[in-house]
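Enquirer: take this sequence and fold it.
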Amino acid sequence: MTKLLVLLAQAAPATPAAPTGAAALMQLAPLVLMFAAMYFLLIAPQRKKQKQHEKMLTELKSGDEVVTTGGIYGTITSVKEDRFVVRIGDNNAKVEVGKGFISAVVKKADAA
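Expert: Have a look, this model is predicted:
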């Protein structure tokens, strides 16, 4: 039994040879391809959506009907530097909502 283990230990190389030149490039190619695929499938569409949302926020003005990320529908009554004043409900209740929490425009004031 020990002779078999000694024979196997001698047969296995002590350290594998380091890849050089084209072999190293070929080992790196799958990682580069995976990163490129992740960029085009996940990162690029998310950045595009984020830019569209930022553009929508800059174009909002008084009179636009919006929905918040919490699902509250209301009409913008005032635009401040970092938030909107939104009228909700029939009682003319007004709340201040951070600009980032407006998820969509229901109806623009121009379209009315």
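Enquirer: end to end, how far does stretch 58-68 reach?
Expert: 15 Å (Cα to Cα, to the nearest Å).
Enquirer: what comes up buried for it?
Expert: Neighbour-count burial for stretch 58-68 flags 60, 64-66, 68 (criterion: 16 or more other Cβ atoms under 10 Å). Using the backbone N, CA and C atoms, a C-beta is placed for each residue, glycine as well.
Enquirer: helices of this protein, start to end?
Expert: 2-11, 22-38, 44-59 (DSSP state H).
Enquirer: in a markdown table: these, plus distance to residue 103 and mean pLDDT.
Expert: Putting the helices of the chain into a markdown table (distance: least, Cβ to Cβ, whole Å; pLDDT from 0 to 100) gives the following:
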| stretch | distance to residue 103 | mean pLDDT |
| --- | --- | --- |
| helix 2-11 | 64 | 67 |
| helix 22-38 | 26 | 88 |
| helix 44-59 | 8 | 94 |
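Enquirer: sorry, back to before: now the buried residues of stretch 58-68 in JSON lines, with distance to residue 2?
Expert: As requested, the buried residues of stretch 58-68 are arranged in JSON lines below (distance: Cβ to Cβ, whole Å):
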{"residue": "60", "distance to residue 2": "81"}
{"residue": "64", "distance to residue 2": "84"}
{"residue": "65", "distance to residue 2": "84"}
{"residue": "66", "distance to residue 2": "80"}
{"residue": "68", "distance to residue 2": "75"}
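Enquirer: which of the residues you listed sits closest to residue 41?
Expert: residue 68 (29.4 Å; Cβ to Cβ).
Enquirer: ok, the closest one - contacts?
Expert: 74, 86, 97, 101-103 (Cβ atoms under 8 Å, 6 or more residues apart in numbering).
Enquirer: quickly note the distance from it to residue 29.
Expert: Per Cβ to Cβ, to the nearest Å, residue 68 is found 46 Å from residue 29.
Enquirer: cool, residue 93 as well?
Expert: Relative to residue 29, and taking Cβ to Cβ, residue 93 is found at 60 Å.
Enquirer: if we can go back for a sec, redo the helices of the chain as TSV? Include distance to residue 78.
Expert: Shown next, in TSV, are the helices of the chain (distance: least, Cβ to Cβ, whole Å):
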stretch	distance to residue 78
helix 2-11	80
helix 22-38	42
helix 44-59	15
